[in-house]
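Enquirer: Show me how the following folds:
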Amino acid sequence: PAKVTDLDPASRWATSSTTGWVDPGWITIDLGAQATVSKVVLQWDPAYAVSYQIQLSDNNADWHQVYSTTTGKGFKETLTVAGTGRYVRMYGTQRSNGYGYSLWEFQVYGTGGNPTTPPAAPPAPNFTHLAWSDEFNGAANTTPDATKWTPETGPGVNNELEYYTNNNNARMDGNGNLVIQVRWEATPGSACPTDPVSGSGTCQYTSGRINTNGKYDFTYGRVEARIKVSSTQGLWPAFWLLGSNFFQTKTPWPNCGEIDIMEHVGRDLNRVYSTLHAPAYFGGGGFGQPLDLGQRVDAAFHTFAVEWDATHMTFFVDTNAFFTVDRAQLEQTRGPWVFDHPFFIILNNAIGGDFPGPPGAGTVLPQNMVVDYVRVFR
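Expert: Numbers count the residues shown, from 1 in each chain. As a prediction, this is how the structure comes out:
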């Protein structure tokens, strides 16, 4: 039950699958002392209440109703109420489906009680002040700056077929760029999904994946990279952010949140994708939008960016602001916003996997993802 008041929108309370998938179902919050309540906010999981009451009590036994509905719509409901009590209860009497009742957040507003002061919100960003960058101006064949980037090594995820090396596939070209190369190169002793070209379960491809975890993370700002993507059957270059709590507190994906600034897949030669992933919308159900550039994406460098604050994200390709996520609308239509905490940057060039599909006879390797710079403005 405490998960609905832990200020973590990615954790939730639910009635028990063995004893609680019945009506009525309820959850009670102890305000710690008598309070005057003026507003209740419910952020529902898809297991929401169609019919429910908000009730108050002085003693957690005798309840009086301050709100009632038989047409609950789920998602985020902001309710104006008026009453006094120490205890607040959501009392559900009709479920939306065959499961139980579940809430991501149960927020109570008013005066009195014995509240805990919430932590200060992250400061609003300045989208024009350069806070961090890597221009990749190292000498030819040098590896990424170890004070800024860490290589991730081993087989990929999402049924990808590459083995990520310790920067063997991520090198400066001496002309101000980082090159992340995918190549046909078996890694003895490794294990990947079966490669459809060779039929082998040993990883048949190598590539690079680097991140800033533990070296630079941030909450809000404008994040941009100038990239010339690679493109061939089965390829999947990406520039994205992942919640730092994934590593720091072992918060699982997608609870940690993911912000895909740019993904490209070789089967869609003209398209790039920007997508958000969170517990209520992830994987193939992520909240995002593609952009058709009208020409092959790999034909030229493009600047991919997101401007992110507490109320919205806007995604750009060059100067085209093609996709905006409004927080309030997202919460009303898809589920919780889980993007008010630090994230770190990832660059990688994958092959195979659930999104792009497998390589095949049309795959041409090696392929280079060329990165001119990465910059963060805050």
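Enquirer: you'd agree residue 165 is up against residue 205?
Expert: No - assessed by C-beta atoms under 8 Å, residue 165 is found out of contact with residue 205, at 10.5 Å. Quick note: C-beta positions are derived from backbone N, CA and C, even for glycine.
Enquirer: between those two, who's got more neighbours?
Expert: Using other C-beta atoms under 10 Å as the criterion, residue 165 and residue 205 rank with residue 205 on top: 29 against 20.
Enquirer: Any figure for the gap between residue 370 and residue 264?
Expert: 13 Å (C-beta to C-beta, to the nearest Å).
Enquirer: can you give me the strands in the stretch 51-200 of the chain?
Expert: Listed in chain order, the strands found in the stretch 51-200 of the chain under DSSP state E, counting those that start in this stretch are 63-69, 76-95, 102-112, 130-134, 150-151, 154-155, 162-164, 170-172, 178-184.
Enquirer: Let me see the contact set for residue 79.
Expert: Counting by C-beta atoms under 8 Å, 6 or more residues apart in numbering, residue 79 touches 39-42, 54, 67.
Enquirer: Specify the beta-bridge partners of it.
Expert: residue 40 (DSSP bridges).
Enquirer: Contacts only, for residue 212.
Expert: Residue 212 neighbours (C-beta under 8 Å, 6+ apart): 148-150, 344-346.
Enquirer: Residue 370 and residue 264 - which one has more neighbours?
Expert: For the pair residue 370 and residue 264, the greater number of neighbours falls to residue 264 (29 against 21), based on other C-beta under 10 Å.
Enquirer: And for residue 159, the neighbour number?
Expert: 13.
Enquirer: can you offset everything so residue one is 53?
Expert: Taking 53 as the first residue, the last one we looked at is residue 211.
Enquirer: what's the pLDDT at it?
Expert: At residue 211, the pLDDT value in this model is 97.
Enquirer: Same check on residue 170?
Expert: We have a pLDDT of 83 for residue 170.
Enquirer: Over to residue 227?
Expert: On pLDDT, residue 227 comes in at 98.
Enquirer: Apart from its chain neighbours, what residue comes closest to it?
Expert: residue 192 (7.9 Å; C-beta to C-beta, 6 or more residues apart in numbering).
Enquirer: how close does that neighbour get to residue 280?
Expert: Taking C-beta to C-beta as the measure, residue 192 falls 17 Å from residue 280.
Enquirer: Looking at these two, which is more packed in?
Expert: For the pair residue 192 and residue 280, the greater number of neighbours falls to residue 280 (19 against 10), based on other C-beta under 10 Å.
Enquirer: So which residue of the protein lies furthest out from the middle?
Expert: Distance from the centre of the chain peaks at residue 114, with 42.2 Å (C-alpha atoms, centre = their mean).
Enquirer: correct me, but residue 69 touches residue 150?
Expert: No - assessed by C-beta under 8 Å, residue 69 is found out of contact with residue 150, at 10.8 Å.
Enquirer: I'd like to know which of the strands of the stretch 103-252 of the chain is closest to residue 359.
Expert: strand 182-186 (13.6 Å; C-beta to C-beta).
Enquirer: what sits against residue 286?
Expert: By C-beta under 8 Å, 6+ apart, the neighbours of residue 286 are 213, 318, 403-404, 408-412, 415.
Enquirer: Name the nearest of those residues relative to residue 333.
Expert: residue 408 (20.5 Å).
Enquirer: ok so, going back, list residues touching both of residue 69 and residue 150?
Expert: With C-beta under 8 Å, 6+ apart, residue 69 and residue 150 have no common neighbours.
Enquirer: Need the three-state assignment for residue 383.
Expert: Judged by DSSP: H, G, I helix; E, B strand; the rest coil, the three-state class of residue 383 is helix.
Enquirer: mind listing what it touches?
Expert: Residue 383 makes contact with 95, 127-128, 389, according to C-beta under 8 Å, 6+ apart.
Enquirer: For the residue nearest to residue 149 when sequence neighbours are not counted, the count of nearby residues, please.
Expert: In this structure, residue 149 finds its nearest non-sequential neighbour in residue 99, 6.5 Å apart by C-beta to C-beta, 6+ apart. Other residues near residue 99 come to 21 when the count uses other C-beta under 10 Å.
Enquirer: Determine which two of the contacts of residue 131 are furthest apart.
Expert: Longest span within these, C-beta to C-beta: 93 and 119, 11.9 Å.
Enquirer: When those two are compared, which one has more neighbours?
Expert: residue 119 (18 against 14).
Enquirer: Might one say that the more buried one is in contact with residue 106?
Expert: Yes - using C-beta under 8 Å, residue 119 is in contact with residue 106, at 3.9 Å.
Enquirer: Would you mind listing the residues touching both of these two?
Expert: 92, 131, 133.
Enquirer: Can you redo these as CSV, where the extra columns are distance to residue 326 and pLDDT?
Expert: CSV is the format used below for the shared contacts of residue 119 and residue 106 (distance: C-beta to C-beta, whole Å; pLDDT from 0 to 100):
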residue, distance to residue 326, pLDDT
92, 34, 98
131, 33, 98
133, 38, 98
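Enquirer: Dump the residues you listed into JSON lines; add distance to residue 196 as well.
Expert: Shown next, in JSON lines, are the shared contacts of residue 119 and residue 106 (distance: C-beta to C-beta, whole Å):
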{"residue": "92", "distance to residue 196": "49"}
{"residue": "131", "distance to residue 196": "51"}
{"residue": "133", "distance to residue 196": "54"}
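Enquirer: Helices of the chain, start to end?
Expert: 297-300, 379-385 (DSSP state H).
Enquirer: Not counting its own residues, what contacts the first one?
Expert: Counting contacts by C-beta under 8 Å, 6+ apart, the residues outside helix 297-300 that touch it are 265-266, 303-305, 308, 393-394.
Enquirer: This completes my enquiry, with thanks.
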